[in-house]
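Chemist: Got a sequence here, can you model it:
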Amino acid sequence: MTDFLYRSLLIGVGATALFDLWGLLLNRIFGFPTANWALVGRWFCHLAGGKVFHQDIAKARAVPFELAAGWMAHYIVGITFAGILLAIAPSGWAAQPTPAPPLIVGVVTVGAGWFLLQPGMGAGIAAAKRPNANQIRALNILGHVVFGFGLYGSALLIR
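Modeler: I've put the predicted structure just below:
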């Protein structure tokens, strides 16, 4: 169990950090906005209080330390997805990682954003309420593929 938690932590943090670096690269090269982790933190804090769906999370009551909460939630989710990867990957995968399982997990995890986080924050399913929904969707898929490569690369580094 300790090995599982250790690997989940390192693989999840590594993959999430690569995802964040990808976002910074897109911001610097193309001017795409970076994620607003304060609003994500606000959503997670309201979620803990039982409120899942908001018309617009930016108009919801602010909570103390929401930026820190957002960053923590972001990394905890990444670690959780790494744990799911380790739980469903073929036996021995952690000792000899292959790219298919983490890339599948990376792409499948887009669903968490599309069907829970974005509707919960008021953006609609798969950002349908945003004027640039298709761009957001494409960036979501691309970002989660990068996350999948981060899972794979991190697993390679710690094997």
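Chemist: contacts and neighbour counts: CA atoms only from here.
Modeler: Fine.
Chemist: Could you tell me how far stretch 100-107 lies from the centre of the chain?
Modeler: Mean-position distance between stretch 100-107 and its chain equals 13 Å (Cα atoms, centre = their mean, to the nearest Å).
Chemist: Identify all contacting residues around that stretch.
Modeler: Residues outside stretch 100-107 that contact it (Cα atoms under 8 Å, 6 or more residues apart in numbering) are 81, 85, 89, 141, 144, 145, 146, 147, 148, 149, 151, 152.
Chemist: Just the buried residues of stretch 130-143, please?
Modeler: Neighbour counts over stretch 130-143 (16 or more other Cα atoms under 10 Å) mark 133, 137, 140, 141, 142, 143 as buried.
Chemist: list the contacts for the first one?
Modeler: Going by Cα under 8 Å, 6+ apart, residue 133 touches 126, 127.
Chemist: tell me the mean pLDDT for the longest helix along the chain?
Modeler: What stands out as the longest helix in the chain, according to DSSP state H, is helix 2-30. Helix 2-30 shows a mean pLDDT of 97 in the predicted model.
Chemist: which secondary structure elements does that helix contact?
Modeler: helix 66-88, helix 133-158 (3 or more Cα pairs under 8 Å, 6 or more residues apart in numbering; DSSP states H and E).
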